[in-house]
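Engineer: Sequence below, structure please.
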Amino acid sequence: MLRSIALPLFASVVLAPLAAAQNYERVSVRNNGSQLAKGAYQEFALSGSGRFVAFVAEDDDATGSGAHHSAVFVRDRQLQKTMRISMASGGGAANGASYSPSISRDGRFVAFLSDATDLGPVDTDTRTDVYLRDRVAGTTVLVSAASWYWAPERPLVSADGTHVVFTESQSTETYEVASDSILGSTGFFMTTTSLSADASVAIGGAWPVSIVEIAWPLLSTRSDFYDSDGHILAFPSDPVIAADGSAIFVSAERWLQPYPNYGKWYSTYWYSGYGGGLGFWRTFPRATLRVDLATLATTVLPLAGAAPQSVSRDGRYLLWAGPFGVQSGLWRYDSSTDQQAKVVIDPFIGGGNVLSEAGTHALFLSSLTTLVPNDTNAAWDLFLVELPDAPHDKK
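Structural biologist: A predicted model of the protein is given here:
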């Protein structure tokens with residue numbers, strides 16, 4: 001079912017940022033707390049309370065194992081311990097790279113991708129597979145054995161730890177932990193980017209059909225950003241979902257003027273000038289949208305230039321990257337008060353940064369060396385910061 005969403009002109013609303021004490025903690029560290037020489041990869045996840053951080057680093061850098069490929073680790077901030085998740089059945093380094101971690105709300109389950117074949121379960125293929133590590137039971141389960149042509153995409157474990165959603169063989173699969181089986185397939189290819197707490201709703205990108213998809217158990221609706229003449233109104237990207245399944249947040253880039261003579265998808269990214277064949281990128285104003293999943297009602301938030309990255313469980317707080325005033329970095333928008341809290345000022349902040357379920361902690365990757373003392377590795381590290389909980393009254 002297709003729905004058209006009419007968008008108003010994008011406007012910028014200046015909001016006063018909340019003052020916040022920035023006490024940064026570097027969490028991509030070795031078990032003894034020392035810094036990684038090569039830093040962390042841009043693949044990480046945060047448990048519901050912010051206690052557990054899943055991250056990716058070179059195995060040898062983190063453990064001294066001599067294995068110079070990536071591995072998945074979990075940092076327990078309360079016990080100040082770092083443990084390897086993608087381990088061989090004997091407990092040492094695996095024989096292949098592991099990456100793309102996702103962690104459950106309580107930190108017990110960690111889903112990840114791996115090229116290794118010695119993690120415990122019988123793995124007879126040579127492709128990347130999805131695994132699920134139970135930190136309490138100390139077991140690793142092979143969730144998907146790669147089939148046909150496509151290797152699986154980034155897996156997501158639900159916050160309650162009951163399901164793992166991933167893309168494989170041109171379809172999106174859902175694995176149930178209790179039954180150790182695949183429940184079913186959506187029948188279409190979707191790179192899953194965000195998941196509700198119980199895996200009842202998943203959203204992601206599917207090229208070239210659409211960008212925002214509702215994917216459980218089958219395609220049930222689609223946000224369509226075209227007008228009645230088929231011209232692009234906005235190009236949606238960066239979708240994130242509230243864990244309670246109530247709403248999704250997505251950024252959209254608005255056309256400055258319609259270009260009906262160009263293909264819908266090609267012209268979104270690239271405009272080719274014919275005088276000499278010169279091609280160049282176009283820049284479009286960006287808005288952030290909130291889409292209510294029950295009604296598909298769409299609200300344009302006052303966050304010009306924002307790129308949504310994560311949202312709190314109840315949809316109140318939105319973590320976004322982009323410019324705010326004259327500074328660029330990572331911010332937390334409070335939809336209850338229309339206020340901002342600064343997470344970090346960093347013009348080179350990357351994507352994939354996450355909020356805890358309550359929205360009180362933010363996890364981000366940065367190359368800044370001034371956030372914590374004795375940061376001398378000149379590498380990208382993972383940092384966590386606690387943010388203030390603001391009153392709920394609208395200003």
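Engineer: average pLDDT across stretch 194-210?
Structural biologist: Averaging pLDDT along stretch 194-210 gives 58.
Engineer: Let's verify the closest residue to Glu168 other than its chain neighbours: helix, strand, or coil?
Structural biologist: Leaving aside its sequence neighbours, Glu168 sits nearest to Pro152 (Cβ to Cβ, 6 or more residues apart in numbering; 4.2 Å). C-beta coordinates here come from the backbone N, C-alpha and C atoms, glycine included. State at Pro152, reduced to three classes by DSSP: H, G, I helix; E, B strand; the rest coil: coil.
Engineer: Just to check, Pro152 is in contact with Leu113?
Structural biologist: Yes: look at Pro152 against Leu113 with Cβ atoms under 8 Å: they come within range, at 6.6 Å.
Engineer: before we move on, back to that, for the residue nearest to Glu168, report the pLDDT, please.
Structural biologist: For Pro152, the model assigns a pLDDT of 79.
Engineer: Arg84 now?
Structural biologist: At Arg84, the predicted lDDT confidence score is 98.
Engineer: and what of Ser312?
Structural biologist: 92.
Engineer: rewinding a little: any common contacting residues for Pro152 and Leu113?
Structural biologist: Shared contacts of Pro152 and Leu113, defined by Cβ atoms under 8 Å, 6 or more residues apart in numbering, are found at 128-130.
Engineer: circling back to that earlier point, so between Pro152 and Leu113, which is more surrounded?
Structural biologist: Taking neighbours as other Cβ atoms under 10 Å, Pro152 and Leu113 compare with Leu113 leading, 26 against 21.
Engineer: rewinding a little: return the distance of the residue nearest to Glu168 relative to Thr139.
Structural biologist: 20 Å (Cβ to Cβ, to the nearest Å).
Engineer: do the same with His361
Structural biologist: Distance of His361 to Thr139, given as Cβ to Cβ: 28 Å.
Engineer: Ala358 touches Val311, doesn't it?
Structural biologist: No: the pair Ala358 / Val311 is not scored as a contact, 11.5 Å apart, by Cβ under 8 Å.
Engineer: Which secondary structure element is home to Arg127?
Structural biologist: Assigned by DSSP states H and E, Arg127 belongs to no helix or strand.
Engineer: Counting neighbours, what do you get for it?
Structural biologist: 16.
Engineer: so it touches Ala151, yeah?
Structural biologist: Yes: with contact defined as Cβ under 8 Å, Arg127 reaches Ala151; the gap is 4.9 Å.
Engineer: one step back: out of the shared contacts of Pro152 and Leu113, flag the one nearest to Ser49.
Structural biologist: Proximity of those to Ser49, judged by Cβ to Cβ, is greatest for Val130, which lies at 25.2 Å.
Engineer: So which residues of this structure form helices?
Structural biologist: Using DSSP state H, the helices of the chain run over 59-63, 264-269.
Engineer: any idea which of those helices scores lowest on pLDDT?
Structural biologist: With a mean of 30, helix 264-269 has the lowest mean pLDDT of the helices of the chain.
Engineer: circling back to that earlier point, so between Ala358 and Val311, which is more surrounded?
Structural biologist: The residue with more neighbours, out of Ala358 and Val311, is Val311; 28 against 16, by other Cβ under 10 Å.
Engineer: wait, that one sits on Gly245?
Structural biologist: No: taking contacts as Cβ under 8 Å, Val311 lies outside contact range of Gly245: 11.5 Å.
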